[in-house]
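S.K.: Need the 3D shape of this:
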Amino acid sequence: MRRRAPGDATAILEGPRTLSEALAAGIEPSVVVTAESTTSSPSVRDVLDQLNPGVEVMALTDRAFQSVAPAVSPQPMLALVDKPQAELPGSMARDDLVLVLVGVADPGNTGTIIRTAEACAACCVVVVGGADPWAPKAVRASAGSVLRVPVVLAADAGVALQALRAAGASVVAADASEGEAHDSGVLAGQSPVALVLGSESHGLDHPIYALADSRVRIPMAGRAESLNVAMAATLLAFEYRRRR
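M.R.: Below you'll find the model as predicted:
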């Protein structure tokens, strides 16, 4: 279930396409900023026409707009929104999947995994520490998926995993060196799965592995020690969905 974050928990959305997707998802901005040179462009006008009358709209000079935009080559429109937050599911169906990110530090990886979650019909993504899923880079990497996939911000991985287990999930932890091969059937079974992925540098800590029902690894023929965490998440999530 989604709920609204407090008003000071805000995020910046970039570009008319992203803002249009946010409006379609029921996310209303409080402030919209455009560059003066682009206010008459069709894509910007289309979004402006969709805004409620109470939304504050500001047109800045191009130089001023570039100074406040988070990207080096900014989109022609920025919007300030309250970050949607979600709650952990109270119960899970057999084919449900939750991706749990523990200490994933790079916002590009976080956004890409959220995009994978939508592609695999995951019911939510749980983020424990690491990158803010609403950071501009994460939003861009998610390609809009962060606007549609429920994202739960959890303070404690152990508490979150215990709640997911109580909701019916089996906890499967990704491990670069140990565990069952991803295509061995470990991601099959009769219960929903909470798939846990750790930080890019050292994976998951031992206390997290102790909470897992099983571990899964991706066998590799080459000399690389591990895959990028977003790539690993994608492979594991699609293997789970293939088995279902």
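S.K.: Now for the spatially closest residue to Glu178 that is not a sequence neighbour: which residues touch it?
M.R.: Take Glu178 and drop its neighbours on the chain: the residue closest to it by CB to CB, 6 or more residues apart in numbering is Arg215, 5.7 Å away. Any C-beta I mention is one placed from the backbone N, CA and C, and that applies to glycine too. Residues in contact with Arg215, defined by CB atoms under 8 Å, 6 or more residues apart in numbering, are Val172, Ala173, Ala174, Asp175, Glu178, Gly179, Glu180, Tyr209.
S.K.: Roughly how far does the closest residue in space to Glu200 that isn't next to it in sequence sit from Asp106?
M.R.: Counting by CB to CB, 6+ apart, Val229 is the residue found nearest to Glu200 once chain neighbours are left out, at 5.3 Å. Between Val229 and Asp106 the distance, using CB to CB, to the nearest Å, works out to 8 Å.
S.K.: what does Val125 give?
M.R.: When Val125 is compared with Asp106 (using CB to CB), they lie 15 Å apart.
S.K.: Same check on Ser91?
M.R.: Ser91 sits 32 Å away from Asp106, taking CB to CB as the criterion.
S.K.: Out of the contacts of Arg215, which is nearest to Gln190?
M.R.: Proximity to Gln190 was ranked across these by CB to CB; first place goes to Val172, at 13.6 Å.
S.K.: Strand partners (parallel or antiparallel) of the host helix or strand of that closest one?
M.R.: Secondary structure here is read from DSSP states H and E; on that basis Val172 sits in strand 170-174. Partner strands and pairing direction for strand 170-174 (DSSP bridges) are strand 193-197 (parallel), strand 214-217 (parallel).
S.K.: Give me the neighbour count for the residue nearest to Glu200.
M.R.: Taking other CB atoms under 10 Å as the criterion, the count of residues near Val229 is 26.
S.K.: Quick check: it touching Ser201?
M.R.: No. Here Val229 does not reach Ser201: they are 9.8 Å apart, not a contact under CB atoms under 8 Å.
S.K.: Overlap in contacts, the two.
M.R.: By CB under 8 Å, 6+ apart, Val229 and Ser201 have no common neighbours.
S.K.: helix, strand or coil for Gly222?
M.R.: Reducing the assignment to helix, strand or coil with DSSP: H, G, I helix; E, B strand; the rest coil, the entry for Gly222 is coil.
S.K.: Could you tell me how many residues sit around it?
M.R.: 5.
S.K.: And the nearest residue to Ile27 once chain neighbours are set aside, how far from Ala11?
M.R.: For Ile27, ignoring the flanking residues on the chain, the nearest one in space by CB to CB, 6+ apart is Val81 at 5.4 Å. Here the distance between Val81 and Ala11 works out to 6 Å (CB to CB).
S.K.: same question, Phe238
M.R.: Taken as CB to CB, the spacing of Phe238 relative to Ala11 amounts to 28 Å.
S.K.: who has more neighbours, the two?
M.R.: Neighbours were tallied for Phe238 and for Ala11 using other CB under 10 Å; the higher tally belongs to Ala11 (22 against 15).
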